[in-house]
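# Predicted model and sequence follow; I will ask about them next.
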Amino acid sequence: MTSIAFRTEKLAKVYGAGPTAVHALRGADLELPLGEMTVLLGHSGSGKSTLLNILGGLDRATSGKAYFGDLELTHLKDRELTRYRREHVGFVFQFYNLVPSLTARENVALVTEIARGPMPAEEALERVNLGARMDHFPAQMSGGEQQRVAIARAIAKRPRVLLCDEPTGALDIQTGVTVLEALTGVNNEMGTTTVIITHNAEIQRIAHRTLVMADGQIVSQEVNQNRVQPSEVSW
Amino acid sequence: MSMLDRKLVRDFRRLWAQGLAIGLVAAAGVMTLLLGVATYQSLFETRQAYYERYSFADIFASATRAPLGLMDRIEALPGVALASARIEQRAVLDIEGMDEPATGLILSIPDTGEALLNRLYLAEGRLPEAGHAGEAVVSQAFADAHGFRPGDELSAIMGGVKRSLTISGIVLSPEFIYSIGGSDILPDDKRFGIIWMRYSDAAASYDLTGAFNSVSLKLQRDAVVPGVIGALDDLLRPYGGQGAYDRSQQISDQFLSAELTQLQAMSYIMPPIFLGVAAFLLNMTLARLISLEREQIGLLKALGYGSGAIGWHYTKFALTIAALGTLIGWGFGAWAGRGMASLYAEFYKFPFLLFQDRPSSFLISGLAAMVAAVLGSLQAVRNVAALSPAVAMQPPAPPVYRRFFLDRLGWTRMFPQGLTMALRNLTRKPVRALLTVVGVSLSTGLLVTGLFTTDSLEYIIDATYFRTDRQHATISLALPVSASGVEAIMRLPGVMAVEPTRTIAVNLRNHLSSRRTALTGKPANPELSRVTDSDLEPVPLPQTGIALSSMLADILQARVGDMLTVELLDGSEKVIELPVTLIVTQFMGLGAYMEISELNRALGESDLANGVHLMLDEDRTETLYDEVKDLPMAAGLALQRKSLEMFRETIGENLGISMGIYIALAVLIVFGVVYNTMRIQLSERARELASLRILGFTRLEVSVILLTELAILTAVAIPLGCVLGYVMGIGMSEGFKSELFRFPLVISRASYTTAGLVVLAATIVSAAIVQRRVANLDMIAVLKTRE
Ligand SMILES: Nc1ncnc2c1ncn2[C@@H]1O[C@H](COP(=O)(O)OP(=O)(O)OP(=O)(O)O)[C@@H](O)[C@H]1O
Ligand SMILES: [Mg+2]
């Protein structure tokens, strides 16, 4: 394993065909070092989610290559992609996507049941400061709490990477901060390579690195010299 | 086309599979109702028309020998419109190309012209010509079984003399729409035929010139039936009158009436099941549709559409499905109706069948489907009305789950999450779960009742032929014989054992209830024709008193110890009192039994027999048959085992068809219920399931989670369905009960197993069809929208 977590070469994604085809990615190249937290910025429709979904094994590229370490994702079959997600990737989305019929603890246990060498569900919830609400159902929790359950569920299997698509998109500042604290905590303590998509440029101050996308390509890359704590961010 | 109608068309394109699944269930309801109503109507009307056109009599009676002069007095009885006298005798028939002898029922028609009552429908040839001795017409079923044409010949032992008869014509009679031999319990057209001859010809053979032994009456409209019967009995008593009876005890009519009752019972049971299930499925589907479309409904309301208009839109959706079901149901119903008609033509001999596609039955069945659709959409429409536009346009509150009792016990900690999810889903929507269980159990129950007919029939056959009446054959004798006569039969070739029996016509009375039946004398410990208790174990006949079959005991309201008044209908005018000493189990007919010498003593006669049961050496039956064909004293030969074989063939075929229908209908319900429940589940849980795929669950694991709930419901529904089947079986066995036969409630383990397996297989297939959609869950779409 190299020190690079993700690497892509001329990654392209086309939706549809013919005159109505949409080029969501047009040759995106990137390299993300292991253990880093990266923030991905860009206008709406620039291809951020598409890129993240391909890196996470949810979607397939039309052409180009994407690697997770030495593993070429762009070649994997459906079954292998499922295994890749199951073993290595944790996801956090804007709309939490919790199972409404399961409590917080059970939502996390859902993943620990199928993962290899997971941490106990309780520990994962403690890490996001939800030790007190383990037996609540999603409908009984606030948006921020639900998002933190989603993070606990994502990290419980000790994933190598954590991919977050607008994790604070549906939250107010204060709640957003608690979620970001949970993410930085995980990144610091467990060294999980983390990618965060956001529309909020302020958030890049907490990351090691910032990528900016436009029109399906990576247009700029910046390494952050002095990172700040989430609590110091405001928007 | 209005916008809402356009939406309706699009909804249909999207949901056509669900619509079709529900439509098919409704179609089954329409079809069974259409068939039930149409078949009932046509059978009822055909019978009525036949009876009227061919002057089927109202009252029947027979005697030993009454002078023709008595007819004037019979005709003069108050209430009698017409009376017709004739000769009725049994005869052993010898038919070329058939080893075993057949039994014929010889009936006379007047010397000139046609009979006044029970007129014949001439299918082929002509009636016997007066003065042409030896000419006869035969029943069509019998002729068909042998390929007889006018001009063919057969021999009959009539009055101890073998006569050759020439067939001049082939006929049908309203008396024998369903024809069954005297001592038989099953129809056998090859070995039982009805033969009509001119009066003088028959009278000469039986030494009955100037006399008759059978009479039929047509009543005036205002006649008092019991009064006429009593008066006729009084007139005939001195001549060995055997008790007059009306149509309700006329065998052929009895069978037809039993069939009509069964048809009616079926159209009360089946259509409501199917239409009820269809209504429930519509309700479920509409509820889901409305919850998916609440924002659109809110928008429509905000735009100024009234609750009524929107509710009507959803009702139209239900009505369209019902209309689809109605059309399919009508199509299949009309087609199956033709099949039913030809099936009836096989069993019941009508000269015509008034089976038409009746607008009324189409109307009734279509209306029933519409009513079911409206009932099914009622709740949905109410929900639409209750949605306020503002609330409707907000996303629905997230589903609230609660911990249920297993949670409180802490048990769920030990369950895999998939099971916990399934159990919580079930407790959150208990009504839907319950209705799904009801749907699947109904179909299991339906199958059990379908299969139970076979079990019950096998049980009856076993009880009748292998435990009770174990003889291979029975010779009925023209005149009673003494022990030496029985010994003569024992000496016939191929006869391995004989057992004498004495049968006389009696009228049994217990207080106000009375019944005309045959009283049979048997040895106290018979080897061949036995009587059995409720466990089908043979029991000896008591030395004194009378044994009654449980059905006869019910009719007479008699119990062991009761004193019965027994009127002997042999012309002796004797009346004796006998105690009921035993109740025996019997599934067909109304049997009454006595120890044979006790019966003879009561008759004031020495040991006589008028029938002999035989045990045969299977290898030497042919020589025996030849001898019986020439045996002067024989009036008939019943071959129980042969009849059984034949019965198994015909019945097996028909049971096969009806089994196929039951299975198809049950599978239809399972498919309708499971497919719709699963589609709705999938729609409600698509987001959750796609999230699981994102988390790295394989398709199989996700399917298992989706199917766990169904598995739980099926596991509950199938055993419940077996219980339901048992209960429905009780209903059916009660509904089918008649004086002719009783359907014991016997359901074999194999029937339960088969029913369970068929339902399970149908569930798995239906689920598999839906499950394929799990593969196409769009993971990415889920991420973009909030529910
Ligand atoms: N399933 C699809 N079919 C067609 N076009 C699509 C599909 N999914 C995404 N696109 C298009 O691809 C482009 C990139 O979409 P993507 O979701 O990656 O953008 P994004 O940068 O995440 O935007 P946002 O910030 O709004 O989430 C957009 O133009 C979008 O319209
Ligand atoms: Mg996006």
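Cool, the structure landed. Ligands and ions are numbered 1, 2, ... in the order given.

# Please make it C-alpha for all contacts and neighbour counts, starting now.
OK.

# Against which helices or strands is the longest helix along chain A packed?
The residue-count maximum for a helix in chain A (DSSP state H) belongs to helix A:173-190. When contacts are defined as 3 or more Cα pairs under 8 Å, 6 or more residues apart in numbering or on different chains; DSSP states H and E, helix A:173-190 packs onto helix A:121-127, helix A:143-155.

# Make TSV out of those and add mean pLDDT, distance to chain B and mean neighbour count.
Shown next, in TSV, are the helices and strands packed on helix A:173-190 (pLDDT from 0 to 100; distance: least, Cα to the nearest Cα, whole Å; neighbours: other Cα atoms under 10 Å in any protein chain shown):
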stretch	mean pLDDT	distance to chain B	mean neighbour count
helix A:121-127	90	12	21
helix A:143-155	90	8	26
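
# looking at those helices, which is closest to residue B:665?
Nearest of the helices and strands packed on helix A:173-190 to residue B:665, taken as Cα to Cα: helix A:143-155 at 46.8 Å.

# Other residues contacting that closest one?
A:89-92, A:95-98, A:104, A:107-109, A:111, A:121, A:124-125, A:127-128, A:130, A:138, A:162, A:167, A:170-171, A:175-176, A:178-179, A:182-183, A:186 (Cα atoms under 8 Å, 6 or more residues apart in numbering or on different chains).

# picking up where we left off before, output the longest helix of chain A in CSV with nothing but the alpha carbons.
The C-alpha trace of helix A:173-190 is given here as CSV (Å, rounded to 0.1, in the frame of the first residue of the first chain):
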residue,chain,number,x,y,z
ILE,A,173,-24.4,26.3,12.5
GLN,A,174,-24.3,24.9,16.0
THR,A,175,-25.5,21.5,15.1
GLY,A,176,-23.2,21.5,12.1
VAL,A,177,-20.2,22.2,14.3
THR,A,178,-21.0,19.2,16.5
VAL,A,179,-21.1,17.1,13.4
LEU,A,180,-17.7,18.5,12.1
GLU,A,181,-16.2,17.9,15.5
ALA,A,182,-17.2,14.3,15.3
LEU,A,183,-15.6,14.0,11.9
THR,A,184,-12.3,15.7,12.9
GLY,A,185,-12.2,13.6,16.0
VAL,A,186,-12.5,10.4,13.9
ASN,A,187,-9.9,11.6,11.5
ASN,A,188,-7.4,12.5,14.3
GLU,A,189,-7.9,9.5,16.5
MET,A,190,-8.3,6.8,13.9
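
# Would you indicate which residues of it are buried?
A:175, A:176, A:177, A:178, A:179, A:180, A:181, A:182, A:183, A:184, A:186, A:187 (16 or more other Cα atoms under 10 Å in any protein chain shown).

# just stretch B:353-373 next, same as before
B:353-355, B:357, B:361-362, B:365-373.

# which of the residues you listed sit farthest apart?
Among those, B:353 and B:373 lie farthest apart (Cα to Cα), at 34.5 Å.

# before we move on, the earlier item: may I see the buried residues of helix A:173-190 arranged in JSON lines, with distance to residue B:86 as well?
Listed next are those as JSON lines, based on distance: Cα to Cα, whole Å:
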{"residue": "A:175", "distance to residue B:86": "106"}
{"residue": "A:176", "distance to residue B:86": "106"}
{"residue": "A:177", "distance to residue B:86": "109"}
{"residue": "A:178", "distance to residue B:86": "108"}
{"residue": "A:179", "distance to residue B:86": "105"}
{"residue": "A:180", "distance to residue B:86": "108"}
{"residue": "A:181", "distance to residue B:86": "110"}
{"residue": "A:182", "distance to residue B:86": "107"}
{"residue": "A:183", "distance to residue B:86": "107"}
{"residue": "A:184", "distance to residue B:86": "111"}
{"residue": "A:186", "distance to residue B:86": "108"}
{"residue": "A:187", "distance to residue B:86": "110"}
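
# ok, so of those, who is nearest ligand 1?
residue A:176 (17.5 Å; Cα to the nearest ligand atom).

# who are the neighbours in contact with that closest one?
A:144, A:168.

# how near is it to residue B:212?
According to Cα to Cα, to the nearest Å, residue A:176 and residue B:212 sit 110 Å apart.

# picking up where we left off before, if I take the longest helix of chain A and helix A:143-155, what angle do their directions form?
Put simply, helix A:173-190 runs at 20 degrees to helix A:143-155, going by axes from the mean of the first three to the mean of the last three Cα atoms, to 10 degrees.

# Toward the C-terminus, what is the element adjacent to helix A:173-190?
Following helix A:173-190 in sequence order, the next helix or strand is strand A:193-197 (DSSP states H and E).

# Identify each buried residue in that next one, please.
Buried residues in strand A:193-197 (16+ other Cα under 10 Å): A:193, A:194, A:195, A:196, A:197.

# Can you tell me which of these is nearest residue B:293?
Among these, and counting by Cα to Cα, the member closest to residue B:293 is residue A:197, at 31.6 Å.

# Wait, that closest one touches residue A:43, no?
No: with contact defined as Cα atoms under 8 Å, residue A:197 and residue A:43 do not form a contacting pair (11.0 Å).

# contacting residues for the residue of the stretch 551-700 of chain B found nearest chain A?
Nearest to chain A, among the residues of the stretch 551-700 of chain B, is residue B:696, at 3.9 Å (Cα to the nearest Cα). When the contact criterion is Cα under 8 Å, 6+ apart, the partners of residue B:696 are A:82, A:83, A:84, A:85, A:86, A:87.

# Using TSV, please lay out those together with secondary structure.
Rendered in TSV, the data for these read as follows (DSSP: H, G, I helix; E, B strand; the rest coil):
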residue	secondary structure
A:82	helix
A:83	helix
A:84	helix
A:85	helix
A:86	helix
A:87	helix
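
# so what's the closest residue to the residue of the stretch 551-700 of chain B closest to chain A other than its chain neighbours up against?
Leaving aside its chain neighbours, residue B:696 sits nearest to residue A:86 (3.9 Å; criterion: Cα to Cα, 6 or more residues apart in numbering or on different chains). Residue A:86 makes contacts with A:114, A:115, B:695, B:696, B:697, as judged by Cα under 8 Å, 6+ apart.

# can you list the residues you listed in CSV and add distance to ligand 1?
Below are the contacts of residue A:86 laid out as CSV (distance: Cα to the nearest ligand atom, whole Å):
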residue, distance to ligand 1
A:114, 29
A:115, 28
B:695, 20
B:696, 21
B:697, 22
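
# Residue B:307 against residue B:299, yeah?
No: the criterion here is Cα under 8 Å, and residue B:307 misses it with residue B:299 at 11.9 Å.

# Tell me the helices and strands packed up against the helix or strand containing residue B:687.
Element membership of residue B:687 [criterion: DSSP H and E] is helix B:640-694. When contacts are defined as 3+ Cα pairs under 8 Å, 6+ apart, helix B:640-694 packs onto helix A:78-88, helix B:16-53, helix B:251-292, helix B:430-461, strand B:473-481, helix B:699-735, helix B:749-771, helix B:779-784.

# In the first one, which residues are buried?
Looking back up the chat, that one is helix A:78-88. In helix A:78-88, counting by 16+ other Cα under 10 Å, buried: A:81, A:82, A:83, A:84, A:85, A:86, A:87, A:88.
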